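S.K.: output the structure for:
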Amino acid sequence: MSVKWRGYYKAIVLYLLSSGPMSGYEMIKTIEGFFKGKIKPSPGTIYPLLKFLEEEGYITSEEHYVGKKLKRIYKITEEGRKLLNSYFKDQAFAQLISYLQHGEEEGEDILSSIIEEVRFLSEIFDEIESADMEKLRELRRVLEEFSNKISKRLQ
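M.R.: Residues are numbered from 1 along each chain as shown. Okay, the predicted model is just below:
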């Protein structure tokens, strides 16, 4: 059985914040640590998600100085706790949390990780409000190259 984590980024972020305030960078590093470096969420994944969660009222943020650096620190709201509690009713999420808490080794292979990553990117694509045609063309080129690599392996 492999741990399905990708569809649960919102829940994982809320879970992390349920134990205390954190910066986005701390969340990235914590998630990376949980998965022993196999999962490395990018800032391009985490920060738009944090913005979405804040806009929906599930988290709040404030800027604080940490040393000489100004950092945005995120906190879970009561609505965020309610959403997190609803995730705990999901058996797959409960297994994921067990994995995160106990570090059980799961046989997650790289292809499964890629599939989950692509599914997640597909899900958030609709939320991106970019009209930058050149970037969209570049994305299409990259996806076509990737699709061609897959096709070659299937032959």
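S.K.: any stretches of the protein with poor pLDDT?
M.R.: 1-7, 38, 101-113, 116, 120, 123, 126-127, 130 (pLDDT under 70).
S.K.: now the helices: where do they sit in it?
M.R.: According to DSSP state H, the chain carries its helices in the segments 9-18, 24-34, 43-55, 78-87, 91-102, 110-125, 133-154.
S.K.: nearest to Tyr65, of these?
M.R.: Ranking these by distance to Tyr65, with C-beta to C-beta as the measure, places helix 24-34 first at 14.8 Å. Any C-beta I mention is one placed from the backbone N, CA and C, and that applies to glycine too.
S.K.: now do the closest one: everything it contacts.
M.R.: 12-13, 16, 22, 39-43, 46-47, 50, 71-72, 74, 100, 103 (C-beta atoms under 8 Å, 6 or more residues apart in numbering).
S.K.: okay if I get the helices of the chain as TSV plus distance to Ser61 and mean neighbour count?
M.R.: Below are the helices of the chain laid out as TSV (distance: least, C-beta to C-beta, whole Å; neighbours: other C-beta atoms under 10 Å):
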stretch	distance to Ser61	mean neighbour count
helix 9-18	10	20
helix 24-34	9	17
helix 43-55	6	16
helix 78-87	12	15
helix 91-102	23	14
helix 110-125	19	13
helix 133-154	27	10
